[in-house]
Structures are given as structure tokens and as C-alpha cells.
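**Q** predicted model, plus sequence, below.
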Amino acid sequence: MPLITVSLRQGTTPQYRRLVSEALHKSMVDVLKIPQDDQFHVFHEVTDDNFVMQPVVFGLRRTSRTLFVQLSFNRRGAEQKAELFRAIVANLKLYADVPEEDVMLVAFETARENWWAAGRVVDPATGYDERMTHLPDLPDLPDLPEVHEVPEEPGR
């Protein structure tokens, strides 16, 4: 059950956002093999004052059409994520004419137990929707150590 958040400059049309959404979803279905109806996309349009970036980053010129795309899903292998990133860039160009230089992607992998949605069973052993037919063959992640509150610095 991936969750995608797209940040972009204010003033885009509903049709443009729909095309961006379709490009992202097609990539997720094709590469991650998610069910067709597993689509959760949130668009945040922000003013120019709140969309801060350098016009040239690592030698790549970015335009006012730059998209910041955050992808949240269960653990996937590095190769599958690289394939997903390539598919997203290609589909955004094809569907919405977004130049590859204007696509900034970041994936956040969440633990299985952090996903829940009413009406959908998430298999506690795998963390995937029971309807998924292609599950990655990945080992379990070790449990993370318990996080304790950080003590205040002396004199604060």
C-alpha cells in the first residue's frame, strides 16, 4: 500500500496533476507489482516562496516544473528501487512531459507493522496486502533498538 506525496509549485491544472499521478501509479504497478486499485497520492502545491531550491544542482538545471516526490512503501531491494526510479522518470516524461532533471525522488521504507487500512488485510508475516501476487524475496529486518529520550544538555 504505497503512499506517494508530490510537492510542486502552485498553479498546475487538475489535468496535469492527474497525468503525474497516472505516471507514478503505472510505475508502481509495473515495477512493484502493486494491485491496480492500490493508489494513494497526495499533491501539495506551494507558493514560490515556499518552494526553495537552487536553479542548478550538481550541474543539472532545474525549472519551475520541478517535482519533489516522496514514496512510502515496505522494504524493497536496491535494484527494484533503482528500476522504479527509472520507470518514474520515463513515465513522467511520457505522460506529463516532465524533464528528468525536474524530478527529485526519495523513498521512505516503513516497517510492516506501520501500515493499516480499513477493509484491507495486511499480512502480518509479510507486511503486504494479501492480494499481491509478487512479493520480493527479502530477509526480515532486525528489530531496531528501543529509542529513549535524549537527556537535556547541562545548563539548559
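**A** Okay, I see it.

**Q** report the mean confidence score over the helix ranked longest in the chain.
**A** Determined from DSSP state H, the single longest helix within the chain is helix 78-96. Mean pLDDT, helix 78-96: 96.

**Q** so which elements touch it?
**A** Contact analysis of helix 78-96 by 3 or more Cβ pairs under 8 Å, 6 or more residues apart in numbering; DSSP states H and E lists helix 14-27, strand 67-73, strand 103-109 as its packing neighbours. Glycine gets a C-beta too; all of them are placed from N, C-alpha and C.

**Q** what's next to stretch 38-47, contact-wise?
**A** The contact list for stretch 38-47 (Cβ atoms under 8 Å, 6 or more residues apart in numbering) reads 1-12, 17, 20-21, 24-25, 28, 129.

**Q** circling back to that earlier point, okay if I get the helices and strands packed on helix 78-96 as TSV plus distance to D48?
**A** Formatted as TSV, the helices and strands packed on helix 78-96 follow (distance: least, Cβ to Cβ, whole Å):
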stretch	distance to D48
helix 14-27	17
strand 67-73	14
strand 103-109	17
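
**Q** can I get the ones you listed in TSV with mean neighbour count and mean pLDDT?
**A** Listed next are the helices and strands packed on helix 78-96 as TSV, based on neighbours: other Cβ atoms under 10 Å; pLDDT from 0 to 100:
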stretch	mean neighbour count	mean pLDDT
helix 14-27	18	96
strand 67-73	19	94
strand 103-109	14	92
